[in-house]
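K.L.:
can't give you the sequence, but here's the structure:
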């Protein structure tokens, strides 16, 4: 009888693999041949045209100093639970907490934020403090008084949302994204919007029309992308929690490069309502935090069905934080074997340096992490994803085809940037020419080509078939394992500018991220090491659909045993001391306690909105 694999005859599978190889080769050829990366001056630059206006507006309406000093100060890398507990106990107020966050933002030179809502955040903080005094139920809010940052492709009512693009520089949404609304309802205070690659298309924030975000651990390296601003803000202690979006690794990669925990939930677990679309079939919203518990506390709030998002799952989410609390009380946890009986699947293709360009230091860190997981009671098993090498081609064809459709709406007629001309067609062309960056234009062209008559079946439909085969391979893998592991990224953070010099490497390095995206699976990145030049390394855990619970348990167990958040905190403090010493004390590396007009120096390109 003829064997079948994911709906394909076995005889046709080898032909499909050959087609996939040819498909990926074509995608790389087009992506590298068309102008885009490395042509920084072609990106529409908001700061160059409006630097004076932005600088002036950034200095307006700044919060005045508080009447009295706080009873204690925050550490550079505070946790969500610590902040909530201290506010509940009266050790600090919400206003003090928000002022400290704003002070750190103003002192930072990482370019993590593109807009800051100083006065608005402080008004909301005072209102929440008043509610605490008058309504005892307020203290039960799960994210009480926690300053959070939001990626700039998530809508915020009455506040700018540009998706990192000049074409949306004047766009002010009339509503909050569903995840943002849920954060606010849980007591969180949104302090600003973070930098990102334009429309999420990039891995380094280099395609942003604002300044490039740098890595807190190495200011000559990238923070990653496209959620680079969110990751840098959390790693640098500017906020304890941030929202990002993940289409093909945009939460997990910057989290890995900045030594953080980042979660891409199951597709549909978190509503996409209010998320500016890149590729609708893989776009996900998720949290970035310093610890697994911080990420779990955020996921518990933002997850759940949303009638305004047809792709939102109806399954009610559990209380992930309570699950972790109960897990830490278990008998296995107390005896040091919390993962007893758990099967850890090692993706063979991902750990083979002959087949994938993985850095030796990354391979060593992941191998060391596996040793720790085994000591915690887990049983390692080898699994295979035979078509892993072809998933990048499938992902880029699918994602860019969807992007070409989604971005067709930016014509200047309804919202955003608008260029005038005598004819509407000319106006639309000028708007897109001046408003969209080179990388975005390049991806739109490739996506349109993949959907064009005569090529759709050859490229787009083939990519979708590969996606089906990959999902079937994951299904079989999870018959043998409960969680799969591989490196989060094959390399540590790129030096600034490398993406423009070696675009093929940048696209190819998505290899470990896109499988979970194409299959709609949850994936968690946790820190697992430091390279010889002190750059963080991430371990990726991939779970079954809707099984974020197991990922969080494994992540928490590893975090507790390896202590990487604490080690990375010490390393970051060392970096700050070294930079201060190198600059001969010309720059004060101590965090300011408050934001006040005499201390505030607006970073170039930063927008302050009241």
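P.N.:
Yep, it's here. Predicted model, so just to flag it, every value in this text is computed and none were measured. Numbering: from 1, shown residues only.
K.L.:
I would like the residues contacting stretch 342-357, please.
P.N.:
For stretch 342-357, the surrounding residues in contact (Cβ atoms under 8 Å, 6 or more residues apart in numbering) are 358, 360, 363, 366-367, 370, 373-374, 377-386, 388-389, 477-478, 480-487, 490-491, 505, 508-509, 511-512, 550, 554. (Glycine included, C-beta is placed from N, CA and C.)
K.L.:
Kindly supply the ChimeraX command isolating those of the residues you listed that are buried.
P.N.:
Per 16 or more other Cβ atoms under 10 Å, the buried members of those correspond to this ChimeraX selection:
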select :358,363,366,370,373,377,378,383,385,388,389,477,478,481,482,483,484,485,486,487,490,491,508,509,511,512,550,554
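K.L.:
Do I have it right that residue 104 meets residue 235?
P.N.:
No: the criterion here is Cβ atoms under 8 Å, and residue 104 misses it with residue 235 at 11.7 Å.
K.L.:
If you count surrounding residues, which of these two has more?
P.N.:
Between residue 104 and residue 235, counted using other Cβ atoms under 10 Å, the more crowded position is residue 235 (29 against 22).
K.L.:
Closest to the centroid, which residue in this protein?
P.N.:
Nearest residue to the geometric centre of the chain (Cα atoms, centre = their mean): residue 251, 2.4 Å.
K.L.:
any chance you could map the strands in the stretch 451-600 of the chain?
P.N.:
Under the criterion DSSP state E, counting those that start in this stretch, strands of the stretch 451-600 of the chain are mapped to 483-487, 523-530, 536-542.
K.L.:
pLDDT (mean, whole number) over the first one?
P.N.:
Going back to what we said before, that points to strand 483-487. The average of the pLDDT scores along strand 483-487 is 98.
K.L.:
mind listing what that strand pairs with, with the direction of each?
P.N.:
strand 343-347 (parallel), strand 536-542 (antiparallel) (DSSP bridges).
K.L.:
all strands for the stretch 251-400 of the chain, in order.
P.N.:
Using DSSP E, counting those that start in this stretch, the strands of the stretch 251-400 of the chain run over 261-264, 284-289, 343-347, 379-383.
K.L.:
Out of the ones you listed, which gets nearest to residue 243?
P.N.:
In terms of Cβ to Cβ, the element of the strands of the stretch 251-400 of the chain nearest to residue 243 is strand 284-289, at 6.3 Å.
K.L.:
Each with direction, which strands does the closest one pair with?
P.N.:
According to DSSP bridges, strand 284-289 has the following sheet partners: strand 241-246 (antiparallel), strand 261-264 (antiparallel).
K.L.:
Of these, flag the one that's most buried.
P.N.:
Highest mean neighbour count of those: strand 261-264, a mean of 32 (counted as mean count of other Cβ atoms under 10 Å).
K.L.:
what's the average pLDDT for that one?
P.N.:
Rounded mean pLDDT across strand 261-264 is 99.
K.L.:
and if you look at stretch 243-257?
P.N.:
Per-residue pLDDT values over stretch 243-257 give a mean of 99.
K.L.:
for stretch 272-283, same thing?
P.N.:
pLDDT averaged over stretch 272-283 gives 98.
K.L.:
which regions of this structure lie under the pLDDT threshold?
P.N.:
Residues of the chain that meet the criterion pLDDT under 70 lie in 1-24, 26, 31-77, 414-429, 584-610.
K.L.:
From residue 340, how far off is residue 367?
P.N.:
As for residue 367, its distance to residue 340 is 21 Å (criterion: Cβ to Cβ, to the nearest Å).
K.L.:
can you check residue 254 too?
P.N.:
Separation of residue 254 from residue 340 (Cβ to Cβ): 33 Å.
K.L.:
repeat for residue 259
P.N.:
Distance, residue 259 to residue 340, by Cβ to Cβ: 28 Å.
K.L.:
Give me the more crowded residue out of the two.
P.N.:
Neighbours were counted for residue 259 and for residue 340 using other Cβ under 10 Å; residue 259 has more, 31 against 15.
K.L.:
what helix or strand does residue 82 sit in?
P.N.:
Assignment of secondary structure by DSSP states H and E places residue 82 within helix 80-89.
K.L.:
For the helix or strand following that helix, name the packing helices and strands.
P.N.:
Using DSSP H and E, the helix or strand that follows helix 80-89 in sequence is helix 94-107. In this structure, helix 94-107 packs against helix 80-89, strand 113-116, helix 118-134, strand 147-151, strand 189-194, with contacts taken as 3 or more Cβ pairs under 8 Å, 6 or more residues apart in numbering; DSSP states H and E.
K.L.:
so how far is residue 467 from the closest residue to residue 456 other than its chain neighbours?
P.N.:
Distance criterion Cβ to Cβ, 6 or more residues apart in numbering; nearest residue to residue 456, sequence neighbours excluded, is residue 450 at 7.0 Å. From residue 450 across to residue 467, the span is 14 Å (Cβ to Cβ).
K.L.:
neighbour-wise, which of these two wins?
P.N.:
Between residue 450 and residue 467, counted using other Cβ under 10 Å, the more crowded position is residue 450 (26 against 23).
K.L.:
buried stuff in the strand or helix carrying the more buried one?
P.N.:
Here residue 450 sits within helix 438-451, counting by DSSP H and E. Within helix 438-451, the residues that count as buried by 16+ other Cβ under 10 Å are 438-444, 446-451.
K.L.:
As CSV, these with distance to residue 326 would be great.
P.N.:
Conversion of these to CSV gives the following (distance: Cβ to Cβ, whole Å):
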residue, distance to residue 326
438, 51
439, 45
440, 45
441, 51
442, 49
443, 45
444, 48
446, 48
447, 46
448, 51
449, 52
450, 47
451, 48
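K.L.:
which one of those residues is nearest residue 160?
P.N.:
The closest of the buried residues of helix 438-451, once distances to residue 160 are taken by Cβ to Cβ, is residue 440, at 18.7 Å.
K.L.:
who are the neighbours in contact with the closest residue to residue 204 other than its chain neighbours?
P.N.:
With sequence-adjacent residues excluded and distances taken as Cβ to Cβ, 6+ apart, residue 204 is closest to residue 222, at 4.1 Å. By Cβ under 8 Å, 6+ apart, the contact set of residue 222 is 203-206, 212-215, 228, 257, 493-496, 498-499.
K.L.:
same thing but at 10 Å, please
P.N.:
Residue 222 makes contact with 202-206, 212-215, 228, 232, 253-254, 257-258, 493-499, according to Cβ atoms under 10 Å, 6 or more residues apart in numbering.
K.L.:
Equivalent analysis for residue 516, please.
P.N.:
Contact analysis of residue 516 by Cβ under 10 Å, 6+ apart lists 246, 248-249, 252, 264, 266-267, 282, 284, 391, 470, 474, 484, 486, 522-524, 540-543.
K.L.:
And residue 548, by the same measure?
P.N.:
The contact partners of residue 548, taken as Cβ under 10 Å, 6+ apart, are 263-266, 269, 286, 295-296, 299, 303, 317-318, 320, 323, 522-524, 555.
K.L.:
And those, which of them are buried?
P.N.:
For the contacts of residue 548, a burial check counting by 16+ other Cβ under 10 Å picks out 263-266, 269, 286, 295-296, 299, 303, 317, 320, 323, 522-524, 555.
K.L.:
pretty sure residue 382 is in contact with residue 481, am I right?
P.N.:
Yes: counting by Cβ atoms under 10 Å, residue 382 touches residue 481, with 9.2 Å between them.
K.L.:
The helices and strands packed on helix 94-107: which one's closest to residue 169?
P.N.:
Closest approach to residue 169 among the helices and strands packed on helix 94-107 (Cβ to Cβ): strand 113-116, 10.1 Å.
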